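K.L.:
give me the fold of what follows.
(one chain, ligands or ions: 1)
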Amino acid sequence: MTEQQQNHPVGALWQQCLERLERQIPLEELNTWIRPLQLDGNGGERIRLTAPNDLVRDQVRQHYLEMMREFFAYHGFDREKVTIEVGSRSSEPRVEPSAEQRRGGAWGLDERYRFENFVLGKSNELAFAAAKQVANSPGTVYNPLLLYGSTGLGKTHLLHAAGRFIAEANPNAQVMYLHAEKFVSEMIQALRRDSIDAFKRRYRSVDTLLLDDIQFFAGKDRSQEEFFHTFNALLESRQQIILTCDRYPKEVDGIEARLRSRFGWGLTVSIEPPDFETRVAILQKKAAERELELSDDVTFLIARRMRSNVRDLEGALNSLIANARFSGRTIDVEYTQEILRDVLAVHDRLITIENIQKVVADYYQMRVADLLSRRRSRSIARPRQMAMYLAKELTEHSLPEIGNAFGGRDHTTVLHACRKIESLCESDGRLREEHARLTRELTS
Ligand SMILES: Nc1ncnc2c1ncn2[C@@H]1O[C@H](COP(=O)(O)OP(=O)(O)OP(=O)(O)O)[C@@H](O)[C@H]1O
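P.N.:
I've put the predicted structure just below:
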């Protein structure tokens, strides 16, 4: 062991490494990928990190391991001896439940939402993996787990699926699902009836609390205060909390700083709008559940035109099936276009190139005119490339049409922009985050 290594207990070095990474990568990425890692303290000259699952391990290897190796190499470790593998967190002993808690049960869970009928894609695989892992060992891996993303993307589905899994695996567990709005209204009633102590006892006695749409707490100070205490009590006794929010919790105005910071203690994961392949898979799965086989033409038509939201996708499919059954017609492309004409038109209108240009210009605090101009400085060219890429991803326009809309540029310029942003999204965490935020803003 070198002298430098001896001077630094590995745990302290790991802390320093985290602080360093905090300055290098966006906080959201740090919380999602780096904080869940655990350091194996008995590694001698080795730095062994354990990741909670394959996904985290692969992301870390691909994007962050080199930064960590650089840091540890500076402190005298052999770069190659800094490794990451999948392993489980050592868990502290759990506080034994009281006699009352031992009577298990599930409240508010919806039978329809299960892990088995959740369709996986790039946009939701991390949220799925995290929910599954928490459900496998509640109270130990990530607490709280917070899933966020815009409406209709499957957050509630995963919340129920995790709850159901926990309840079935542990018949003694008390699992409770509720919407934040209900928490607020029950608290108000309890205050009115002078039964706030019973209210507190009820929520603090569950093993797993699943709370949906916490953005609803915004501006409701008394409810936040109450929830804050419930939250602390549950965390202290290692009961599991899973939350959902319609945006990154730090972006919700009107939520107290101390509560926001608690939300970030465990793992915060986003769900993005599904990509084309996932939309197709969802449609096929939902059709199969109704014992119907959709032709590829019809599936592709709906998946191509409805991009933002699984709830809408499901709604469109339901309406198509109901109409076809009622009228006795076969579902082909023509019939689909006829039945879904209005819905598809709304979706087409929603995301236009103009709209993308405006949102991108606002985001980078520049003028739309700059995006369309001939100026080539990096500060303008990169947002322009991002806007072109989003136009390709989110609209039906061809490359020449997009080029045209960006000040009469050639289609090869658009193609180059798309390739550039795609490859940067692989290598540059900040740009990846910008892309995710813009997509969220445009599709929610
Ligand atoms: N990946 C998926 N596979 C199968 N069904 C899905 C998937 N994602 C969403 N759904 C379905 O889409 C519908 C809407 O999902 P859900 O209610 O979970 O959305 P949400 O993100 O909680 O939205 P909101 O924020 O509006 O509550 C549900 O019927 C759900 O089962």
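K.L.:
so what's the closest residue to the ligand within the stretch 151-300 of the chain up against?
P.N.:
Of all residues in the stretch 151-300 of the chain, Gly154 sits closest to the ligand, at 2.8 Å by Cβ to the nearest ligand atom. Where C-beta positions appear, they are placed from N, C-alpha and C, glycine not excepted. Residues in contact with Gly154, defined by Cβ atoms under 8 Å, 6 or more residues apart in numbering, are 118, 124, 127, 271, 310.
K.L.:
equivalent analysis for Leu153, please.
P.N.:
123-124, 271-274, 309-310.
K.L.:
could you redo the last one with a cut-off of 7 Å?
P.N.:
For Leu153, the contacting residues are 271, 273, 309-310, by Cβ atoms under 7 Å, 6 or more residues apart in numbering.
K.L.:
how is it assigned, secondary-structure-wise?
P.N.:
coil (DSSP: H, G, I helix; E, B strand; the rest coil).
K.L.:
show the pLDDT at it.
P.N.:
pLDDT for Leu153: 93.
K.L.:
now it: phi and psi?
P.N.:
The phi and psi torsions at Leu153 (degrees, to the nearest 10) take the values phi -110, psi 0.
K.L.:
separation between it and Met176?
P.N.:
According to Cβ to Cβ, to the nearest Å, Leu153 stands 23 Å off from Met176.
K.L.:
again, but for Leu120
P.N.:
27 Å.
K.L.:
more neighbours, these two?
P.N.:
Neighbours were tallied for Leu120 and for Met176 using other Cβ atoms under 10 Å; the higher tally belongs to Met176 (20 against 15).
K.L.:
then the more buried one would be within a strand, right?
P.N.:
Yes: under three-state DSSP, Met176 sits within a strand.
K.L.:
returning to what we had before: may I see the PyMOL selection of the buried members of the contacts of Leu153?
P.N.:
The PyMOL command for the buried members of those (criterion: 16 or more other Cβ atoms under 10 Å) is given here:
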select buried, resi 271+273+309+310
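K.L.:
restrict the contacts of Leu153 to those near the ligand?
P.N.:
Restricting the contacts of Leu153 to those touching the ligand (Cβ under 6 Å from any ligand atom) yields Val310.
K.L.:
tabulate the contacts of Leu153 (TSV), appending secondary structure and pLDDT.
P.N.:
Putting the contacts of Leu153 into TSV (DSSP: H, G, I helix; E, B strand; the rest coil; pLDDT from 0 to 100) gives the following:
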residue	secondary structure	pLDDT
Ile271	coil	92
Pro273	coil	85
Asn309	coil	84
Val310	helix	92
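K.L.:
quick check: the two most widely separated of the contacts of Leu153?
P.N.:
Ile271 and Asn309 (11.1 Å; Cβ to Cβ).
K.L.:
which bits of the stretch 1-150 of the chain sit near the ligand?
P.N.:
113, 118-119, 124.
K.L.:
secondary structure, neighbour count and pLDDT added to those residues, as a markdown table?
P.N.:
Below are those laid out as a markdown table (DSSP: H, G, I helix; E, B strand; the rest coil; neighbours: other Cβ atoms under 10 Å; pLDDT from 0 to 100):
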| residue | secondary structure | neighbour count | pLDDT |
| --- | --- | --- | --- |
| Tyr113 | coil | 19 | 94 |
| Phe118 | coil | 18 | 96 |
| Val119 | coil | 19 | 96 |
| Asn124 | coil | 27 | 93 |
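K.L.:
show me which of those is closest to the ligand.
P.N.:
Nearest to the ligand among those: Val119, at 3.6 Å, using Cβ to the nearest ligand atom.
K.L.:
residues contacting the closest one?
P.N.:
Contacts of Val119 by Cβ under 7 Å, 6+ apart are 278, 281-282, 285.
K.L.:
just Ile84 next, same as before
P.N.:
So Ile84 contacts 49, 51, 57, 60-61, 65 (Cβ under 7 Å, 6+ apart).
K.L.:
which one of those residues is nearest Ala167?
P.N.:
So of the contacts of Ile84, ranked by how close each gets to Ala167 (Cβ to Cβ), first place is Ala51, at 27.5 Å.
K.L.:
tell me the contacts of the closest residue in space to that closest one that isn't next to it in sequence?
P.N.:
In space, and not counting its chain neighbours, Ala51 is closest to Arg57: 3.8 Å by Cβ to Cβ, 6 or more residues apart in numbering. Counting by Cβ under 7 Å, 6+ apart, Arg57 touches 51, 84-86.
K.L.:
tell me if I am right that Arg57 is in a helix.
P.N.:
Yes: Arg57 forms part of a helix when assessed by three-state DSSP.
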